[in-house]
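starting from these lines, generate the structure:
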Amino acid sequence: MGSDLAGFKRCGKSSGRPLATKIGQLAYWSAVALIFGWAAWLRFRLPLDPIALTNYLLPALRKLTGAEFGQVHLGRTIIYPGFVYLLVRVFGDFRAITITQNLLGLLAGGIFLLTWRRIRGFIPSARLPHPIYHGLGLLAVAIYMFSREPLLFERDIRPEGICGFLISINLYFVIEFTACCFLEGRRTATVIYGIAAVFSSILLASVKPSFWLTAIVALLPVAMFFFRRRWFWQKIAFAAGVAVSAALLSLPEHSLIRNNEIGECFLPTQLFVIHANLIRDQMADDLERGAKVPYPLEWLGRVHATLSAEIAKSSAAWRRYYGYYTLGFDPDYLMYNESSIVRQLDKEFGNNVSALCAFYRFYYWRIWRQRPLVVVKKIVRQVAIFYAPKCPAYRLRKSLSLTDEYNRSVTSLEAHRKIWMAYPPAMGFVSRTALLARSAPVVQQPTYIRWPHQILAKTYLPLLLIALVLSAVVFTQEERRRRFGWLAALILFVYSYNLASCLEVAIVHSLENPRYSTVQMFVTILAQFLTILLILEILLGSRALIGHRRISAEHSSAR
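This is a model prediction of the structure:
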């Protein structure tokens, strides 16, 4: 009788576990369906006509009307304008851009979930229960998918519309490569994911050049592959795959764009206007000392006077959308205003774009040689914008009017009427945009997502400091290094992803332009939730260790 009862209990227990597992899986996948369904509704309930930025739209429009791509502005490659061109060419409707970018945004959320599930393999003997672990992942994905900024980026004809997707696949491939190469020793998978990691890194940096330094950081784990022993043929295959990837991304640029002097001169021009106040001061020193520079001092004196006047005008004009308070002037005014210093220097140098770029480069590198500490202070001030008490990756405004965005779209398109009038689908797009400029809805940031944003914005810096301290503890203690070493390394890698992007923008531009911060939301959320995971695992591990010692002590005393 007793044996029968014991067998019944064992049977009931074993049969209960699969039932509980099935219920848990059903709850998990139901939550996934709810999150992605709601995220899709948030996206597709808004107008599907994209918000046009002519710098990225015009090259595609020229190609659609039978001309060449011509000059791709803002120092970008042809990849994103080519993406716009292909969508409009295939579907004959500009709304295909928004729909595709929305779908890529949803796919980025799916890859976030895949990445989170894969990270569990980096924690040997993880103590956090599976339901809590997966619940954390769902919460992180929901915060990203319901956030307003990625949603708005997906409505713009600009590279930020697909950056969330590109960042997601880049991180996923790098993490898969690391697991296959260093944890599991799967040689074929290592080569495949390594090539994918390199390809996605170059693609991300080509679409959004502010991620070039980030792409280099992302490839550091991949570079370690070449230091492995006895993987000769895998290294050969990997190198061949990387070469093919680089060729695939570079060939369209060389074959479709014949002359891109404006694109080539964009970076030197940007460096000049962003550092205009430092260059002005350096010019004043050169004039005062009669320094030997490759430009006539009389001409340099006129340029200095003009630059000083234009900086004063830019400070008075001031940007409406972001004020560049740390710079003290408006570099966009200096670069784009019709009477600005850039326009005047264009006239001074005539058609000699190379000489103009050489002048910009000369004075940028001159302030590095003559005023390095001042330049470093500028960079530190810019990086500090991101690492502020409230991380700017999260925008805390309650609402944003799409009417203003479509109004700017109409204004920018009017200046290029001859181009879009030659393409019938563009005429319909412009007419719909003009209508939306009067009646577009206001995009709200709901309370259920604004509160998590406020919490995450305030805790980014504390969590970063906690991650640094815990990582130091993990790496200096053998037992913890064995259990949490890979997770700690992964967390530092993700935080360095943020840092690399911020550092590059701080050197070249300004983080006061909010797009440079909010485009990092995906990786910022991932870094914070990984830190929370490390904290929980260490706490649970410490609790288990204390319990084990207590039991050992009780056994010892009983003896």
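
any chance you could map the strands in this structure?
399-401, 442-444 (DSSP state E).

make CSV out of those strands and add mean neighbour count and mean pLDDT.
Heads up, the C-betas are built off the backbone N, CA and C, glycines and all. Formatted as CSV, the strands of the chain follow (neighbours: other C-beta atoms under 10 Å; pLDDT from 0 to 100):
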stretch, mean neighbour count, mean pLDDT
strand 399-401, 13, 83
strand 442-444, 14, 85
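
so which of those is nearest Met427?
strand 399-401 (25.4 Å; C-beta to C-beta).

how far away from the center of its chain is that closest one?
When distances are taken as C-alpha atoms, centre = their mean, to the nearest Å, strand 399-401 is centred 22 Å away from the chain's centroid.

neighbouring contacts of that strand?
Arg148, Leu152, Ala440, Val442, Val443, Gln444, Gln445 (C-beta atoms under 8 Å, 6 or more residues apart in numbering).

so what's the second one scoring on pLDDT?
As summarised for this prediction, Leu152 has a pLDDT of 91.

ok, now which ones touch it?
Leu400, Glu405, Val443.

ok, Ala20 to His130 distance?
Going from Ala20 to His130 by C-beta to C-beta, to the nearest Å gives 11 Å.

farthest pair within the contacts of strand 399-401?
Ala440 and Gln445 (16.5 Å).

returning to that earlier point: turn the contacts of Leu152 into CSV, including distance to Leu530.
Output for the contacts of Leu152, formatted as CSV (distance: C-beta to C-beta, whole Å):
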residue, distance to Leu530
Leu400, 30
Glu405, 34
Val443, 29
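
closest to Ile157 among those residues?
Nearest to Ile157 among the contacts of Leu152, with distances taken as C-beta to C-beta, is Glu405, at 11.4 Å.

got the contact list for the closest one?
Glu405 neighbours (C-beta under 8 Å, 6+ apart): Ile51, Leu152, Arg155, Ala440.

what about 6 Å?
Ile51 (C-beta atoms under 6 Å, 6 or more residues apart in numbering).

distance of the nearest residue to Lys458 once chain neighbours are set aside relative to Leu499?
Nearest non-adjacent residue to Lys458, counting by C-beta to C-beta, 6 or more residues apart in numbering: Lys390, 5.9 Å away. Distance, Lys390 to Leu499, by C-beta to C-beta: 18 Å.

returning to that earlier point: for the residue nearest to Lys458, give me phi and psi.
Main-chain torsions, Lys390, degrees, to the nearest 10: phi -120, psi 110.

could we number from 57 for the rest of this?
Got it, first residue is 57 now, which makes that one Lys446.

just checking, it touches Ala513?
Yes - using C-beta atoms under 6 Å, Lys446 is in contact with Ala513, at 4.5 Å.

quick one: which of those two has more around it?
Ala513 (19 against 15; other C-beta atoms under 10 Å).

re the thing from before, Gln438 versus the residue nearest to Lys514, what's the distance?
16 Å.

what about the helices in the stretch 107-256 of the chain?
In the stretch 107-256 of the chain, the helices defined using DSSP state H, counting those that start in this stretch lie at 110-120, 135-147, 151-175, 186-202, 204-209, 216-234, 243-263.

could I get stretch 501-510 in CSV with only the CA atoms?
Taking Å, rounded to 0.1, in the frame of the first residue of the first chain, the C-alpha atoms of stretch 501-510 are listed here in CSV:
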residue,chain,number,x,y,z
GLN,A,501,4.2,58.7,-25.1
PRO,A,502,1.8,56.8,-22.8
THR,A,503,2.3,56.7,-19.1
TYR,A,504,2.9,52.9,-19.1
ILE,A,505,6.1,53.5,-21.2
ARG,A,506,7.0,57.0,-19.8
TRP,A,507,7.5,55.7,-16.3
PRO,A,508,10.0,52.9,-17.3
HIS,A,509,11.8,55.5,-19.4
GLN,A,510,12.2,57.7,-16.4
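
off-centre distance for that stretch?
The chain centroid and the centroid of stretch 501-510 are separated by 21 Å under C-alpha atoms, centre = their mean.

still on that earlier bit, format the contacts of strand 455-457 as TSV; extra columns: distance to Ala302.
Below are these laid out as TSV (distance: C-beta to C-beta, whole Å):
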residue	distance to Ala302
Arg204	36
Leu208	33
Ala496	41
Val498	44
Val499	39
Gln500	44
Gln501	40
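
Cys413: which of those residues is nearest?
Closest approach to Cys413 among those (C-beta to C-beta): Leu208, at 33.8 Å.

what about that closest one, distance to Gln500?
For Leu208 relative to Gln500 (C-beta to C-beta), the value is 12 Å.

what does Leu492 give?
Leu492 sits 17 Å away from Gln500, taking C-beta to C-beta as the criterion.

repeat that for Phe92.
In terms of C-beta to C-beta, Phe92 sits 20 Å off from Gln500.

not counting sequence-adjacent ones, nearest residue to Leu120?
Closest to Leu120 by C-beta to C-beta, 6+ apart is Tyr479, at 5.3 Å.

who touches Ile330 in this structure?
Ile330 touches Pro387, His565, counting by C-beta under 6 Å, 6+ apart.

what's the pLDDT at it?
For Ile330, pLDDT reads 93.

ditto for Glu317
51.

Tyr419 now?
94.

neighbours of Leu276, how many?
Neighbours of Leu276 (other C-beta under 10 Å): 11.

could you measure it against Thr234, distance?
Distance from Leu276 to Thr234, by C-beta to C-beta: 10 Å.

cool, Leu113 as well?
The spacing between Leu113 and Thr234, counted by C-beta to C-beta, is 38 Å.

for stretch 334-353, buried residues please.
Leu334, Ile335, Arg336, Asp337, Gln338, Met339, Asp342, Leu343 (16 or more other C-beta atoms under 10 Å).

confirm for me that the third one is in contact with Leu363.
Yes - with contact taken as C-beta under 6 Å, Arg336 and Leu363 are classed as touching, separated by 5.1 Å.

measure how far stretch 406-424 is from the centre of its chain, please.
So, by C-alpha atoms, centre = their mean, the centroid of stretch 406-424 is 29 Å from its chain's centroid.

for stretch 199-208, same thing?
Distance, stretch centre to chain centre, for stretch 199-208: 13 Å (C-alpha atoms, centre = their mean).

again with stretch 506-526
Using C-alpha atoms, centre = their mean, the offset of stretch 506-526 from its chain centre is 18 Å.

for it, buried residues please.
Buried residues in stretch 506-526 (16+ other C-beta under 10 Å): Arg506, Pro508, His509, Leu512, Ala513, Thr515, Tyr516, Leu519, Leu520, Ala523, Leu526.
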